[in-house]
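Chemist: Just need the structure, nothing else, for what follows:
(one chain, ligands or ions: 2)
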Amino acid sequence: MKVISAYSSKGGTTKTTTIANLGGLLVDLGFRILLIDADNTQPSLSSYYPLTHQAPDGLVRLIKSREIVDDLLSHTTIEGLDIVYADDHKKELSSFINDAADGRLRIKRAIQEFQDHCPDKYDFILIDTRGAKGVLVDSALIASDIIFSPIPPDKISATEFHRGTVRRHRSIADSVRFMNMEIGPIFAFLCRVERTRDAQVITEGIRLLSEDVDNIYLLDTEIPHSTAYKSAATSQIPIHRFDRGKYKKIRNGADTMSQLWQEIMDLYRSLNPVAVLPIPGREGSHGK
Ligand SMILES: Nc1ncnc2c1ncn2[C@@H]1O[C@H](COP(=O)(O)OP(=O)(O)OP(=O)(O)O)[C@@H](O)[C@H]1O
Ligand SMILES: [Mg+2]
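Modeler: Numbers count the residues shown, from 1 in each chain. Ligands and ions are numbered 1, 2, ... in the order given. All right, here's what the predicted structure looks like:
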């Protein structure tokens, strides 16, 4: 079981869209996937796909009891794709995590315990976070093997990536190192990329700035700006099922998401040559 989270200190960078689409793609590749909506302020992942079974509990119980049990696992219409929805209606989780001695470690502990008891239930856990700093975000990052971070190629997003996202990642990595723990590297990628000269200049700038920064990797895959992503979300289906056409000027969603996933896995393997990665399509998998 590997844990991948979406993170950027700026809002609206396409974290939720990418987590939802990756989840859908991975299920069709034969993996079993659990999504965790850890965005307690705007829980849009929780309603991205319709549910066929709504579990009685969600994120609040996961954090409070440090456990992942059947009562937290809702099923989406995409077979093999489950979700722990965000249900922090009273907005109590941040202060709860702040007050608890092990607050920021709670998602990690819940996942570790779950992995010990049900090692084969899921292949990947994908966690969505809110686009801001916060203890709940920290707690998702601490639990992650890989942290992906989309960057729209505009000046504000590029600056915020280096000033906010990268710095926060470094400061969490420094603080957990004292406990002999490591957090996953950031795999950043450009998203909502338009075919304009301006976007091209900013993209080149981001690539230059990201070279040789410790534990930050800028992927080659770029997600184009395309209305298909919004339309797929409105239709509540993953982009790779929705946008497969070969005739357009803009690269289709199916090819883009496959390339993104391939690059994430290739990079992870090259950084962790001895890591054991989940194998798709094992017995019991819902995949095709
Ligand atoms: N490739 C794309 N091209 C154009 N629009 C996109 C693309 N991907 C996502 N969007 C749109 O961008 C907007 C922001 O996306 P999303 O909600 O996924 O961002 P987010 O990072 O999760 O935001 P927040 O920080 O508020 O949680 C949405 O309206 C979404 O439909
Ligand atoms: Mg979001």
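Chemist: which residues touch the closest residue in space to T13 that isn't next to it in sequence?
Modeler: Closest residue in space to T13, ignoring its immediate chain neighbours: P150 at 4.7 Å, by C-beta to C-beta, 6 or more residues apart in numbering. (C-beta placed from N, C-alpha, C; glycine too.) Contacts here follow C-beta atoms under 8 Å, 6 or more residues apart in numbering; on that basis P150 touches A6, S8, T13, T14, K15, T18, A188, F189, L190, C191, R192, I223.
Chemist: P150 belongs to a strand?
Modeler: Yes: residue assignment for P150, taken from DSSP: H, G, I helix; E, B strand; the rest coil, places it within a strand.
Chemist: got the phi/psi numbers for the closest residue to ligand 2 within the stretch 151-288 of the chain?
Modeler: Closest residue of the stretch 151-288 of the chain to ligand 2, C-beta to the ion: A233 (11.0 Å). The phi and psi values for A233, taken as degrees, to the nearest 10, are phi -60, psi -40.
Chemist: if I look at the nearest residue to it once chain neighbours are set aside, how far off is F31?
Modeler: Ranked by C-beta to C-beta, 6+ apart and with sequence neighbours excluded, the top spatial neighbour of A233 is T17, at 6.3 Å. Using C-beta to C-beta, to the nearest Å, one obtains 19 Å as the distance from T17 to F31.
Chemist: Also D145?
Modeler: Relative to F31, D145 is positioned 14 Å away (criterion: C-beta to C-beta).
Chemist: what about the two, which has more around it?
Modeler: Neighbour comparison, D145 and F31: the larger count goes to F31, with 23 against 19 (by other C-beta atoms under 10 Å).
Chemist: Angles on the backbone of the more buried one, please.
Modeler: Backbone geometry at F31, expressed as degrees, to the nearest 10, gives phi -100, psi 160.
Chemist: hang on, isn't Q259 packed against T221?
Modeler: Yes: here Q259 reaches T221: they are 4.9 Å apart, a contact under C-beta atoms under 8 Å.
Chemist: All set now, cheers.
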